[in-house]
Structures are given as structure tokens and as C-alpha cells.
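Chemist: need coordinates for the below:
(2 chains)
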Amino acid sequence: MYKILFIDEEKDTLEDFEEFVEKSPLKAKLNPITMLPLADLDEMIEGIIKVSPDAVISDYRLNELKTDIKYTVKYNGVELVEEFQSIRNYFPCFVLTAVDDEAVNSSDDVNIVYVKNLLYNKDEGNAKASFLERVISQIEHYKSRIKNSRAELVELIEIRKKGEADILIENKIIEIDDFLEKTIDGKSVIPPEFKTLTNSNKLDNILIKVDQLLKKLDEDVK
Amino acid sequence: MEEDNKNIIPFKVSARTARLIGRENVASSKGAIIELVKNAYDADSKVCIVYFDNKFSTMLSEIDEEHYKGLVELGVSTESLTEIYSKDENEDKYLLKTELSEEKKITFKSLVSKFSALYIIDFGEGMTQNIIRDHWMTIGTDNKANDIFTKQGRVKSGAKGIGRFALDKLGGKCEMTTIFNPSPEIHKPDTDIDGNPTNNTGYNWIVNWEDFEGDFKTIDKVGAILTGLQTVSIKDEVLKKLSESDLNKIESETEFKYGTILRITELRDNWEDFFVEQVFSDLEVLVPPKEAGGFEIFVFSSLTPNKFGEVLGSVCDDFDYKLVATADENQNVKIRIYRNEYNVELIPNAFFERPAMQKENYRKSDFLKGHWEKETTFSSLLKGFKDIDDDNTFNNIGLFNFSFYFLKRQSNSIDAKKFFNRDFMSNNRKDWLNKFGGIKLVRDNFRVRPYGEVKNVAFDWLGLGNRKSTSPAGIAKPDGGYKVEPENVAGAINISRLTNVDFEDKSSREGLQESKTFQIFTLLITKIISEFEEDRAYIAREMAAYDDLIFGPERDRQKADKLKNEILAKSRAKKESNASNTSEDKSQNEPEPEPESESDKEKEILASELDRKEEEIEKLKEEQKMLRALASSGIVLASFSHDLSKLNDVLASRTDKLRDLMLEKITEEDYAEAKDSKNPFKQLERIKKQDTKLQNWLNFSLGATRKDKRKRKQLFLKAYFESLKNDWQTVFEDRGIVLDTSEIENLDMRVFEIDIDSIFNNMLVNSIDAFIISKDERERIVKIKVSSNSKEIVIDYHDNGPGLSTDITEPDKIFEPLFTTRRNKQTGEEEGTGLGMWLVKSIVEENDGKAILLYPEIGFGLKITFPIKYKR
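Modeler: Presented below is the predicted three-dimensional model:
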């Protein structure tokens, strides 16, 4: 069961989304959660993390209608998911909107934008994979990538411990470590440049030893 | 007493004189051949054959065995042959030696030239002994002048009875064989010198012109040998010279029973192939036009048997204009003009609607018919001449008919388009005109040389070239004056010895005597040609004027454009050179640039202004494109408004009706526990809410295009803004926007309501967009305030959104068309139409108002003022 979070500034639409999931053949796999947007972006991100969903779906124009909220929403749907993804890199996010052209134009990743009227359209046009199917597979891809990466990292570290890691393996370890780090908090990752290769440590050791040897030889001559 | 001593002493003519008459009076051998051909015509023959037996008389560069033997048989010694020919052993050929002295060549040429012979053969009535004696042998007979018609009704074409001396012109010896037609209708029975009947069917007549030479020899001492013949058919005689196949080429004559063969030997000209070719092409233009009919000329040559054949007259079918004029004995002239120059299908009907084209002969139906006619007289063609015509010249001119062709040699695509010309092959025309051009004079079916003969001084005997050079106007010149060029015309004037008695031959047989009658006649012909010129120029003028009307402004524009670019380029160049001059050492002895004249400066100003205008137009075109697209969506809406308004009526009541139906079976309490989304009553309420919204939108957009809004009428501002507020109500409510219209003075102005709609709808749409991107936490308010002073009505518009973007450095730019802040975040591409504020400003200005951007602390502000004249 995946938790999917839907954000819109109009209650009616939130209801419509719940119903949309309920009517779907995939409803057994999904648990829809809805939220009105909060006025402040950071506040909202915190709210999302609290809910801890498996995917985030947001409306684009969050500051248009004032039927259900009275405050100004200082961000739009694209800004919201981009901010969230900057923290949780590669996190499954979608924007569902009636003004898809506008959303596409302001979005870095055009593939996350979908047309809102699919909520009301019984068979979603002729798409082979329905919107919810896409949401689910995006979640699953994301999860399995994390899982596989973890397993691989454990394996590689074992190899390194045995002292059998070559330069390729060392690089791979840094790469996977970086990815996993970003899925947790993209904003506070250690840049890969600072993650040093264990091999260079060994080389350093040898150089130090040579230095010491040379020193000794010098002293002996004297 | 003196009477007894009286003696009548006859004049004697030396034989040489007689010969001179003949030889010198026929100008050229070409002319001599024509005279003999004319005799054939006068003998009522259907055909005349001119046969050059020049096979052995030409020095060829290579000869075969047969030819060699032929020469030997003719008596050429093998020594003289081997002197100039060497045998090519392999090929059975004799080749001309490459290094031969001129002397040897000339010797050989004169040796073989005596083997040539020229035959003039006809199949006419032949001559009896009496005719030979009385006419043929009598020098200067006026038989043809008195007895004008031939038996077949032809007008005799020879005149002075000296034609036979043409024979002398051609060769030293002549042999004539004639078989006469014994029918009593043609000839009186044949008798000898004493009047006794003979049983001859024809005669052989031989003369050696050299006999005429000799001191003190008088003409009566010279004679020809006449021998009676019993041959049944002239064909047998002909076949001695010509092959059967050549005769078979002649279709109009089949019997070849009677006729005359002239065999001329010891020819004075060397009839090599090249010269025969010339005669052939000369005869081609000498032959009367085909339509005259009834007489054919064939040319054969033994050297090149298949090269020549029937001499065909020229027929012109690819003309631009044709004119046919017929003059009768009462000096009336009937003129018919055929227009073939125009492709009538290409001419737009609008052209024919021009007043000038309503005239008779110029209507479309006339163009489709292709020709028109006119009857006139000599005196109206040559105005004023009749009064001074003491010699009765008009009467002396007599009957004639004149066919005239005009063919332009080439055309260019611009003119062809302008004058709606038919396509033509200009090469074909050139070839044809080079051969057959010129106006010929034809008398009784024979060309009178040299009138209209190509490359002859008399080619332009009508003086068309002179006319053209004194009036070189183009065809379409508005005040006329177009004259045709002599090199573009062809045609023939047919006259007859019978009816045009005043036209007499020069005795040289080259042309007519330049009498007054002839001069007036040529004048008359040019006047007839003028009829064509006037017709063609009239049409061309109209076509050019029409063309100017249609394409003139465009052409002026192109010209102006070119001029502008030139001026700008010049002024740029000048500036550059000035700049480089100042930077360099000034003391150099370069000439000071000429000071700019006032008009130069003015030109520059005009040119750069034009340049700027062009840019502006380009911009406006862009806008127009956009507006067109937007306008068409408005049109679609307007055209569906009827259907939509029907739907609109249903919206208000349909949910209530459904609710009533449901309440008959279920109650609201049944769903007290259910979630809203599972409660049909709640859902119905939602639908009703949405319907109301929908209705609002429909009212709004249907109202926008209402017809009465498109009329200028008195607009009461208070009421107007109330209804505007009402239209936008749902939109604003949903978005939490308050439209403040509390400070509207009760004014009215005379405007198009749709204009005011455009202003405020645009402003409100902008405000809504602004609120959505606003990050400020405050209530959304739009305020419209209307007030007035003594001069103007003032409308203040404010919203408390984020205001103009700080990115806009020149705020007034928002009024420029196509200016937009809505851009693609990634690519920077413009997204908005950029028309909203421009529309506002232009509508305001169109109503003599002003739109001024305000800079409030918070939000956006615009002040619109209209002069008070709009206040009633």
C-alpha cells in the first residue's frame, strides 16, 4: 500500500481526487491523502515530510482560488515539488493542472506535468498506462533503486575491506553513496570530491614511509 | 520639180542595237528568268519548270568514275582532266588536286562551263509558225499591251515585247522547242510564210546571239533557224532532259502534251549550286501568294537532283495583326482589321468595363470575334487632297487590294503581361520575316521587283522607316503617335495592268515609273496602314492605363523603396568618409566634401522616415495577425451565441427539477451519516453551484459580443461599472477579490460600450494574473474610481497586487504592442499575446483620451482621462 499525497487549494478538488482513487482498479494499492497548501513553502515541505508519503501530487496554481483558504500561498505547484525534490532527490512527484502549458513552461522536468481533467475523464483518453499506474511504477522504480543500491554498496564495501578494490570499484562506491545520501537529504550532502579513495590513503602511507627512510639514510650518512 | 528626186529611205537598225535593247533592259539574270517565267504564265501554262543542267559544268572537289567518263564523253581530254584531278585508287574516285594554280582552275572552269544549260519549260499553248514569226520574232511587239487577256482569262504579265531578249542575257545560244495546241479555240491553223497549211505539230527554233555582232550588220540580216516538227507530245522532248520522277512531282499537270522548251546554252553565268539556291529562294518570294493560285514554279538542278522542287509562296498564319483593304473603282476602300495579338482569355472583364472599351469595335465581343470592318474613301483617307487633285490622280490609281501583316519579332515578359499578348515563337517569326518581310507589290500575280524585297533599297518603298524615325513614340504613349516599324511588317498590294493603267514599268523591268499617281498611291497605302496603327495603339494605351491602375501603386512603392535605399546608402557612406577624414590628418590636400544641400538633407530625412515607417508597418502586421486570430475566436463565439443562450436558460432550473424528482423517493435524512462525496443531495448542490458559475461565464462572454455594444451610444458609467462588477462577480468571489466601485461619479459619455469593455476586461484579467503570482499577505482589492473636473472625465484604476515587475526598467513599454512579461521560465520565450495594455492605450487614444501609468506604493495603478466632450 502506497501513500500518495494530493495538494490543491480547493476542497472540492481534493474530494474529487479521493473519489478518483476510490473508483480506480488500483485502489487496493493506494492510500490517498489530501492537503490544502499552507501559506509558507518551508512550512509546507515540513508538512509533507510529516505525512511521509510515497509520492507527491500537486496542483499548479495554488494561489488562485480563495474559497477554502484565506491566506496567500506564496508558491506554485512546480515550485513546491522542485523544492521537495531538492531535499529528496529523485522522489516521485507530479503536477496535475488545468493550465498544463503554463506549468510545463515553468517546470525543469516537463514529464511530471499532467492534465487535471483526467480526474473526471473515465478512461483517461487512450493511454495504455493510466495516471495512477504511472504513479505506482514511479514509486516502485524509486524504491527498488534505493534497495539495489544499498545491497550493492554493502557488497562493495566488503570487497574494499578485503583490500581487493581497484579504482573502478572505489569510484562506484562514491557514486552509490552519493545517490543514497541525496535520497535522504539532497540539501546537506557531502560533495563527492571530499569522499576520498582508500587507495590514495595507501599511497599516502607508502610516501610517508619512503620519506622516513630517506631521513634515516641522511642521518646515517652524517 | 523636186518630187521626182524624192526617195523614202528606211532606217536601219544595227543588229547590235537590237541586242543591246534586250541585254541592257533586263537588269539581271535573275530578272531574266522571271521574264521567261512570265511568258510561261502568259501561255496559260499551269506550271513552269526552271531546270539547271549544271552537272558537268561545275568544278567539283571530287568526282566519281561515271562523272569522269561523262566528262570524257563530252569531249574533255584526259590530259586536262588528269591535270587537275588525281585518282584515288582505293575509292574509285577522282579528287581535286590540292595545290592547283588559279590559272589552271580558271582554264578548267571555262572548259566545263560550256556543258551547262538552262531550260525554261512550260506546258502552255505552244506557238504556231505565225506566232513565232509575227510575235516572237518581232522586236518590241505590243501584242501583249493590246491583247491583255490570255485565252484562259489571265491578265498577261509581260508587256513590252522584249522579254525574249532576256534569253540573250542568260546565254549565247538559244534553242526553242514548241508543240502547239491545234485546237481552233486556241490557235488558227498553222500555215507557212505563204499561208499554206502545214502538217507540223511544232517547231524547233535556234538563234545564236553572236550572229548579231559584226560591223555594219543590220537586224534583217540576222536570222533564226526554224524547223518543223512532227512530235506528238512535248513530254517526249522534255524527257530527253528531265527524269520522269521530276515530272511526277508536278501534280497539277498530267498530260504534258503541248508547251515550250527553251534551252539556253553558252550560259553567261556559272550556275553553281550556290547560285541555283539563290534563284530558288528568290523565286520563293517572287511567286504570288498561294491564294492567287493556278500557277506553280518548279526548280530542278541536275547537279543536286533532289535538292529543289516546287517553289512555295509564303503564307503567314502567325501574325499579330492583319489588315485587308480593298479599293473599288469609285475610290471606296473597305478595310478589315484582324486582331490576333491578344489572348482574350487573359484579359480581365474589368478591362472591358473601362469607358474607352465600350466603344464599337472595342468591346469584348469584338475582341472575341477577332476582327472589325470599316468603309472609307480615298478622299477621307487623304484628307484635303481631292480639292487640289487637278490631275484626277485618285481616279488613276484604280482598283487594288492590300493585305498587310504585322508581326513583332520579339517580346518581353513584362510587356506580354501588360498587353495580354499571345505567346509566339520569336525565332520562327524572325526567320519568316527575314525571308518574306516587306510590303510587296504584285501585279497580275507577279511580283513587281524590287518593291519590298528583303535587303534591297526598295525594301521600305513606302517609307515606313522614315515615318517611324520622325515619330518614334512607343505603342502606349498617351498622346499617340505610334508608327509601325518596317522590319515588323509583311504583305502584298495586288494591282493589275488592267485597272491600274497609270502604273507603268520602267523599261529596265526593275520597278514602276515614279509618277505622281504612284506617289499618291504610296501615300494612300501608308494611310491605310495608319488604320491598323491607330487600332493597335488605342488598345495598347488602354491596356497600359489599366495596368498602371492595377499595378501602378505597387511599382511606385518599389521605386520609392529603391530610391530610399540609395539615399540611405549614400548618406551612410558620406558619414563614414567624414568620420575617417576627421580621424586622419586634416592638412592633407584632399578636396573638402561638398557641403550638403538643403534638398539632400530633406531627402535623407524622408528616406530615414520611410525606413522607420516600414518597420512600424512590419510590426503592425504582426499585431494584425494576432488580432485576426483573436477576432476569429470572437466571431465563433458570436455565431454560437444563440445555442449557448438556450443552454444558459436551462442551467438555472435543471438541478431543482432533479432534486424534486429525487425527493419523491428519498429524503435528505437518509444520507445524514454519509460523507459529502457519497451524498447525492450534497453532490446536487455542488452541481448547482457549478451551474451558476457556468451561467455567469456564459452571460459574460455572450454579453461581450452583444450587438448593441457595437454601437456608439450614451454610456452611464455608474450603471456600467455595476454591471461590470456583476459580470465578474463569481470569478472574483472564487479568487477572494473585491472590486470596489463605490466611488463612481454619476457621469455618462458617448462611446462604444465594447470599447470600454475591452479596456476594463483587459485590466481586470491583468490584475487577476498579478494576484495569483503575488506572495504578499493581504486582501485582494481592485478599485475603480470615476471623477470629473471641468475639462475631463478621470478614471483611476488600482489593484493591490505585486505591481509592475521590477524587471521592467521602462514601465511605459507595457503599452507597446507585443510587450509581455509572461515568458517561458526555461527558454525566455514570450508566452503572452502582449496586446492587453496596448489595446487599452489604443482604445483610449482613439477616443481622444489619455492613459497614464501611476506608481503607487502598493500594487498597480492607471489613470485614464477622456476629454469632457464625451460628457453630455
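Chemist: switch to C-alpha atoms for all contacts and neighbour counts from now on
Modeler: Fine.
Chemist: roughly how far does the residue nearest in space to the middle of chain A sit from chain B?
Modeler: Centroid check for chain A by C-alpha atoms, centre = their mean gives A:Phe91 as the closest residue, at 2.4 Å. Noted for A:Phe91: a distance of 22 Å to chain B, by C-alpha to the nearest C-alpha, to the nearest Å.
Chemist: and that residue, what does it touch?
Modeler: Listed by C-alpha atoms under 8 Å, 6 or more residues apart in numbering or on different chains, the contact partners of A:Phe91 are A:55, A:85, A:142, A:183.
Chemist: in a strand, it, correct?
Modeler: No. Residue state for A:Phe91 (DSSP: H, G, I helix; E, B strand; the rest coil) corresponds to coil; a strand is not indicated.
Chemist: which one of the contacts of A:Phe91 is nearest chain B?
Modeler: Nearest to chain B, judged by C-alpha to the nearest C-alpha, of the contacts of A:Phe91 is A:Gln85 at 18.0 Å.
Chemist: ok, for the closest one, nearest residue in space, not its chain neighbours?
Modeler: Once flanking residues are discounted, A:Gln85 sits nearest to A:Phe91: 5.8 Å by C-alpha to C-alpha, 6 or more residues apart in numbering or on different chains.
Chemist: so where do the strands sit in chain A?
Modeler: Secondary structure of chain A (DSSP state E): strands at A:2-7, A:30-35, A:55-58, A:93-97, A:113-115.
Chemist: which stretches of the stretch 151-300 of chain B form strands?
Modeler: B:171-179, B:202-208, B:225-229, B:259-267, B:296-301 (DSSP state E, counting those that start in this stretch).
Chemist: buried residues in the third one?
Modeler: Read that as strand B:225-229. Across strand B:225-229, burial judged by 16 or more other C-alpha atoms under 10 Å in any protein chain shown covers B:226, B:228.
Chemist: and that strand, which strands flank it?
Modeler: Strand B:225-229 pairs in its sheet with strand B:202-208 (antiparallel), by DSSP bridges.
Chemist: may I see the strands of chain A organised as a markdown table, with distance to B:Val76 and mean neighbour count added?
Modeler: Formatted as a markdown table, those follow (distance: least, C-alpha to C-alpha, whole Å; neighbours: other C-alpha atoms under 10 Å in any protein chain shown):
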| stretch | distance to B:Val76 | mean neighbour count |
| --- | --- | --- |
| strand A:2-7 | 126 | 21 |
| strand A:30-35 | 127 | 18 |
| strand A:55-58 | 121 | 23 |
| strand A:93-97 | 116 | 24 |
| strand A:113-115 | 112 | 21 |
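Chemist: interface residues of chain B facing chain A?
Modeler: Residues of chain B lying close to chain A (C-alpha under 8 Å from any C-alpha of the partner chain) are B:677, B:733-736, B:771-778, B:824-826.
Chemist: give me the below-cutoff pLDDT ranges for chain A.
Modeler: A:122-128, A:196-199 (pLDDT under 70).
Chemist: quick check: residues of chain A near chain B?
Modeler: So chain A meets chain B at A:15, A:19, A:61, A:63-67, A:70-75, A:105-108 (C-alpha under 8 Å from any C-alpha).
Chemist: return a PyMOL selection command for the buried portion of the residues you listed.
Modeler: A single PyMOL command selects the buried members of the residues of chain A next to chain B (16+ other C-alpha under 10 Å):
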select buried, chain A and resi 19+61+63+64+65+66+71+72+73+74+75+105+106+107
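Chemist: can you flag which of the residues of chain A next to chain B belong to helices?
Modeler: Of the residues of chain A next to chain B, the ones assigned to helices by DSSP state H are A:15, A:19, A:105-106.
Chemist: quick one: which of these is nearest B:Leu381?
Modeler: Within those, proximity to B:Leu381 (C-alpha to C-alpha) peaks at A:Asn105, which comes in at 84.7 Å.
Chemist: how close does the closest one sit to A:Val81?
Modeler: 15 Å (C-alpha to C-alpha, to the nearest Å).
Chemist: repeat for B:Pro184
Modeler: Where A:Val81 is concerned, B:Pro184 sits at a distance of 128 Å (C-alpha to C-alpha).
Chemist: tell me where chain A has helices.
Modeler: Assigned by DSSP H, chain A shows helices spanning A:11-23, A:41-51, A:77-87, A:100-106, A:131-161, A:167-185, A:198-221.
Chemist: B:Asn90: which of the ones you listed is closest?
Modeler: Of all these, it is helix A:167-185 that lies closest to B:Asn90, at 92.8 Å by C-alpha to C-alpha.
Chemist: show me what that closest one is in contact with.
Modeler: A:86-91, A:146, A:149-150, A:153, A:156-157, A:160, A:189-192, A:195, A:197-199.
Chemist: what residues sit buried inside stretch B:248-261?
Modeler: Going by 16+ other C-alpha under 10 Å, stretch B:248-261 has these buried residues: B:250, B:257-261.
Chemist: tell me the one of those nearest B:Glu616?
Modeler: Distances from B:Glu616 to the buried residues of stretch B:248-261, taken by C-alpha to C-alpha, are shortest for B:Ile250, at 79.5 Å.
Chemist: ok so, going back, among the strands of the stretch 151-300 of chain B, which is nearest B:Thr107?
Modeler: strand B:259-267 (15.5 Å).
Chemist: quick one on the thing from earlier: tell me which of the strands of the stretch 151-300 of chain B sits nearest to B:Glu615.
Modeler: Nearest of the strands of the stretch 151-300 of chain B (C-alpha to C-alpha): strand B:296-301, 74.0 Å.
Chemist: return the alpha-carbon coordinates of that closest one using PDB.
Modeler: Below are the C-alpha coordinates for strand B:296-301, written out as PDB (Å, rounded to 0.1, in the frame of the first residue of the first chain):
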ATOM      1  CA  GLU B 296       3.300  26.800-110.000                       C
ATOM      2  CA  ILE B 297       7.000  27.100-110.500                       C
ATOM      3  CA  PHE B 298       9.500  24.200-110.100                       C
ATOM      4  CA  VAL B 299      13.200  24.400-109.900                       C
ATOM      5  CA  PHE B 300      15.400  21.400-110.700                       C
ATOM      6  CA  SER B 301      19.100  21.000-110.900                       C
END
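Chemist: arrange the strands of the stretch 151-300 of chain B in JSON lines, one row each, with distance to B:Asp535 and mean pLDDT as further columns.
Modeler: Shown next, in JSON lines, are those (distance: least, C-alpha to C-alpha, whole Å; pLDDT from 0 to 100):
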{"stretch": "strand B:171-179", "distance to B:Asp535": "52", "mean pLDDT": "88"}
{"stretch": "strand B:202-208", "distance to B:Asp535": "58", "mean pLDDT": "89"}
{"stretch": "strand B:225-229", "distance to B:Asp535": "62", "mean pLDDT": "88"}
{"stretch": "strand B:259-267", "distance to B:Asp535": "50", "mean pLDDT": "89"}
{"stretch": "strand B:296-301", "distance to B:Asp535": "37", "mean pLDDT": "85"}
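Chemist: let's verify the residue of the stretch 401-550 of chain B found nearest chain A: helix, strand, or coil?
Modeler: Among all residues of the stretch 401-550 of chain B, B:Ile550 sits closest to chain A, at 46.8 Å; criterion: C-alpha to the nearest C-alpha. Per three-state DSSP, the secondary structure class of B:Ile550 is helix.
Chemist: next, count neighbours for it.
Modeler: The number of residues packed around B:Ile550, counting by other C-alpha atoms under 10 Å in any protein chain shown, is 11.
Chemist: likewise for B:Asn766?
Modeler: B:Asn766, neighbours per other C-alpha under 10 Å, totals 16.
Chemist: mind listing what it touches?
Modeler: So, once contact is read as C-alpha under 8 Å, 6+ apart, B:Asn766 ends up touching nothing.
Chemist: wasn't it part of a helix?
Modeler: Yes. Counting by three-state DSSP, B:Asn766 is found in a helix.
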